[in-house]
Every structure is written in C-alpha cells, then in structure tokens.
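> only geometry, no sequence info:
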C-alpha cells in the first residue's frame, strides 16, 4: 500500500513552487513611473503629430487664400464680361435698327437703285461693311455672354470651395489644439533636467557659410539660433520649422512655399551623400518637419515647442523623407 503525502508536505511543496514562479516574474511594481528616456520619446512623438497637424492647418489656410484669389479674379472677369456684353448689345441694337430701317440691301436692290457703275460699287461696299460689322458685333456679343457665363460658374465654384475649406480649417485648428494640449501636458511631466536639456540652444559659435544664394539663406537661419519655436509662427522672434526655411530663402531673394509639404517639392532632389550647406532636408513619411543643412553632418532647424532653433546632427532629427537643393 502506497502512503499518501501529509497536508504539511503538500503545503510545503506549494510554497516552494510559488517562490520559483515569483522569482521568474518581473520585479517592476505596477505603479512604476516611465523612465526619463521614455517620457522624452513620448513627448517627441506627440510633438511630431502636432507638427503634422500644424502643417495641415497651414496648407488649408494657403488653399483658402488661393481660392479667394481665384474668386476675386472670377468676380473681376465677370464684371469685365458684363460691361463688354452691355456695350456690345448696344452696338448690335444699332445695327439691327439700321437693318429694320432698310439699310440692309441685296445686290439686286443695289443694282436697281444705282445711278451708275460707281454708285453700285459704293452701295455694295457699304452693304458689305454693314454686314461685316453686324457679324463681328454678334460674334463679340456671343463671346462676351459666354465669358460672363464661365466667370459666373468659376465664381460659384470658388465660393463653394472656400466654404468647404473654411470648415476644414476649423476642424484642423481644433485637432491641432487638442494635440498641442497632449504634447504640453507631456512636456510638463518631464524632469527639470530633461527640460533644461531641451531648452539648451546648443552650438552658438560663428559658422562660415558659402557664397551665393544657399549661403545667404543659411546665414539667416543660423542667426535665428536660440529663438523659440511656436506652432504656426512666421517670425521674426519665433518660428515653426517651415516658416524658418521660407524666411531664410526669402532673405536670399528666393520664393518657396510656406509649408514643409511645399518645400519638399522645391528645387531639385539630391542624395544624402550629396548634402551640402543650404539644402532643405524634409523628415518623416508625412513630410511634416524640415531643416536646413549646415554641412554634410549638421542641420539647423526649429524643432518643437520647448526647444529653441538650434543645430543638430542631420540623422538624429528623424527619418529623412527627401532632400532638396534650391541653388545649383
């Protein structure tokens, strides 16, 4: 007969097993706070999303301005067409009245009432001129009416598009505000040491720039080091990433788009190995951030809220989407 284990033996075995399992489980408490690195990574992630929404908002504003310019032009075209139509209707009415009064003759009637061959030729010339004037006036009137119709259609379409864009802008503005709140709350959760590191303006030394357009643009961008980042700002005391790049090239008498999306299509593409001073480097698959190359290793950029304009390693800023060269 096989003896059964006592209750004390079973209890001891269970305690031993529990100890082994407990040793194998993670020892981090459930309420442990995230590390400084994790908190900073989260802040960077939220900031990148806010940057994308900022660029979306700026693009929508630019689209609206373009539609409003289109609407203004359509209204101007319509006024011009209506004025031409009014004037031409008067001319057509005069010609029609002349025709109804008997001014329009056939070749036969001209021949019958002519006193001489020269008189016949004179009458025929007058008839041809009157007919040509009438045909031309009618053609111009038709063109004017069509132009007025097209201008009206364009104006109506631009008006509807503007209304739609206004709604989109309000939504993007609300989305941006919500995302900014998340990013700012995350920033406030960072340690004092991390915040101080973010606030550091970095390399403020004098940097020689190359001659030419790219050098002038880079010189401007470098002069902005230490200035704060503000979403949607256009300078001169605060910047966002794309307004800094636009202003830098504007200082060199080159016009480029306001958003990072537009700047991602400016100039011509170059490879990472070809990067040189003044090149525009656009980051992330969303193309929501942009910087300017100082050389083949460093770039100057307006990063995000809480971080001033400063120099950073090109590859450390984020995943590169495209690199564009404005000059050369």
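Here it is on my side, so go on. Note that the structure is a prediction, hence the values are computed from the model and not measured.

> and residue 220, backbone torsions?
The phi and psi torsions at residue 220 (degrees, to the nearest 10) take the values phi -60, psi -50.

> now for the helix or strand hosting residue 222, which elements pack on it?
Following DSSP states H and E, the helix or strand that holds residue 222 is helix 213-223. Under the contact definition 3 or more Cβ pairs under 8 Å, 6 or more residues apart in numbering; DSSP states H and E, helix 213-223 sits against helix 241-250, strand 289-293, strand 298-301. (Glycine included, C-beta is placed from N, CA and C.)

> go through these and name the closest to residue 195.
Comparison of those against residue 195 by Cβ to Cβ identifies strand 298-301 as nearest, at 19.3 Å.

> show the average pLDDT along the closest one.
Averaged across strand 298-301, pLDDT comes to 98.

> can I see the domain layout of this structure?
Structural domains of the chain, as assigned by automatic domain parsing, span the residue ranges 37-188, 200-325.

> if I average pLDDT within each of these, which one is lowest?
Taking the average pLDDT of each of these, the minimum falls on domain 37-188, with a mean of 74.

> measure that one end to end?
End-to-end distance for domain 37-188, by Cα to Cα, to the nearest Å: 15 Å.

> one more: stretch 301-317?
Chord length of stretch 301-317, first to last residue, is 9 Å (Cα to Cα).

> cool, stretch 273-288 as well?
Its start and end residues considered, stretch 273-288 measures 22 Å (Cα to Cα).

> and that stretch, what's buried?
Under the neighbour-count criterion of 16 or more other Cβ atoms under 10 Å, stretch 273-288 has 275, 277-284, 286-288 buried.

> try stretch 165-185
In terms of neighbour count (16+ other Cβ under 10 Å), stretch 165-185 has its buried residues at 165, 168-169, 172-173, 175-176, 179-180, 182-184.

> tell me who's in contact with residue 210.
Contacts for residue 210 were tallied using Cβ atoms under 8 Å, 6 or more residues apart in numbering; they are 218, 276-278.

> what helix or strand is it located in?
Element membership of residue 210, judged by DSSP H and E, is empty: it is in no helix or strand.

> let me know the pLDDT of residue 31.
Turning to residue 31, the model gives it a pLDDT of 44.

> picking that back up, just the angle between the helix holding residue 222 and helix 241-250, please?
130 degrees (axes from the mean of the first three to the mean of the last three Cα atoms, to 10 degrees).

> contacts for helix 213-223, please.
The set of residues external to helix 213-223 that reach it, using Cβ under 8 Å, 6+ apart, is 207, 209-210, 244-245, 247-249, 251-254, 276-279, 292-294, 300, 309, 325-328.

> now the buried members of those.
207, 209, 244-245, 247-249, 252, 254, 277-279, 292-294, 300, 309, 325-327.

> show me where this structure has its strands.
Using DSSP state E, the strands of the chain run over residues 268-269, 280-283, 289-293, 298-301, 310-313, 320-325.

> show me what the third one is packed up against.
The criterion is 3+ Cβ pairs under 8 Å, 6+ apart, and the helices and strands that strand 289-293 contacts are helix 213-223, helix 241-250, helix 260-263, strand 280-283, strand 298-301.

> count of residues packed around residue 83?
Residues contacting residue 83 under the criterion other Cβ atoms under 10 Å number 12.

> which of the domains of the chain has the highest mean neighbour count?
The highest mean neighbour count among the domains of the chain belongs to domain 200-325 (a mean of 19), with neighbours defined as mean count of other Cβ atoms under 10 Å.

> pull the distance from it to the chain's centre.
What separates the centre of domain 200-325 from the centre of its chain is 16 Å, taken as Cα atoms, centre = their mean, to the nearest Å.

> now do stretch 162-173
14 Å.

> then stretch 145-160?
A distance of 26 Å separates the C-alpha centroid of stretch 145-160 from that of its chain, computed with Cα atoms, centre = their mean.

> show me what that stretch is in contact with.
If you take Cβ under 8 Å, 6+ apart as the criterion, stretch 145-160 is touched by 67-68, 70-71, 74-75, 77-78, 80-82, 84-85.

> quick one: contacts for the residue lying closest to residue 262 once chain neighbours are set aside?
Counting by Cβ to Cβ, 6 or more residues apart in numbering, residue 262 lies nearest to residue 256, which is 6.9 Å off, once chain neighbours are set aside. The neighbourhood of residue 256, defined by Cβ under 8 Å, 6+ apart, consists of 245-246, 249-250, 262-263, 266-267, 326.
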